[in-house]
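A.B. asks: just need the structure, nothing else, for what follows:
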Amino acid sequence: MNQDSRAIQNNFQQVYDRAIEQKDEPGTVEKLRQLAKRFSLQKVFTESRGSIIDARIPLFVFSFAEELQKSFMPLFVAEYYQPNSWISRDIMIGLPISVFMGVIAIITPLPAAGPTATAANGSLCLA
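C.D. replies: Alright, predicted model coming up:
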């Protein structure tokens with residue numbers, strides 16, 4: 001697409017240069033300037049570099065979609081709950097999300113222990 005834009009700009013520049021050289025009609029050059037301004041035909045195209053800021057919206061959408069499912073977990077459990085005598089409906093609805101949060105709370109600090117344990121002896125074996 002960038003090559004097509006450059007080709008259009010080159011063609012326009014040739015027409016614009018011819019209009020300036022020939023000086024046929026005084027309004028032609030002004031019309032071409034307005035056309036160039038409207039469609040950015042004289043703007044220099046450069047390759048844009050991505051930045052970390054470009055990742056914010058997709059990262060937010062991904063995180064939101066990942067966490068949104070957890071809010072519906074109690075409704076899902078309530079739909080499939082079968083009454084029984086040893087566990088009440090309210091406990092059964094809250095149990096899966098409570099277990100999930102408990103597992104996350106227990107597991108979260110564990111990865112931090114890995115690098116400190118391997119750094120203590122000065123070697124890190126990845127093989």
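A.B. asks: hmm, V29 is touching R18, no?
C.D. replies: No: contact between V29 and R18 fails when scored by Cβ atoms under 8 Å: they sit 10.4 Å apart. Yep, even glycine has a C-beta here, placed from its N, CA and C like the rest.
A.B. asks: so for these two, which sits in the more crowded spot?
C.D. replies: Set side by side, V29 and R18 show more neighbours around V29, with 15 against 12, by other Cβ atoms under 10 Å.
A.B. asks: so where does the more buried one fall, helix or strand?
C.D. replies: Using DSSP states H and E, V29 sits in helix 26-39.
A.B. asks: who are the packing partners of that helix?
C.D. replies: Helix 26-39 sits against helix 2-22, with contacts defined as 3 or more Cβ pairs under 8 Å, 6 or more residues apart in numbering; DSSP states H and E.
A.B. asks: who are the packing partners of the helix it packs on?
C.D. replies: helix 26-39.
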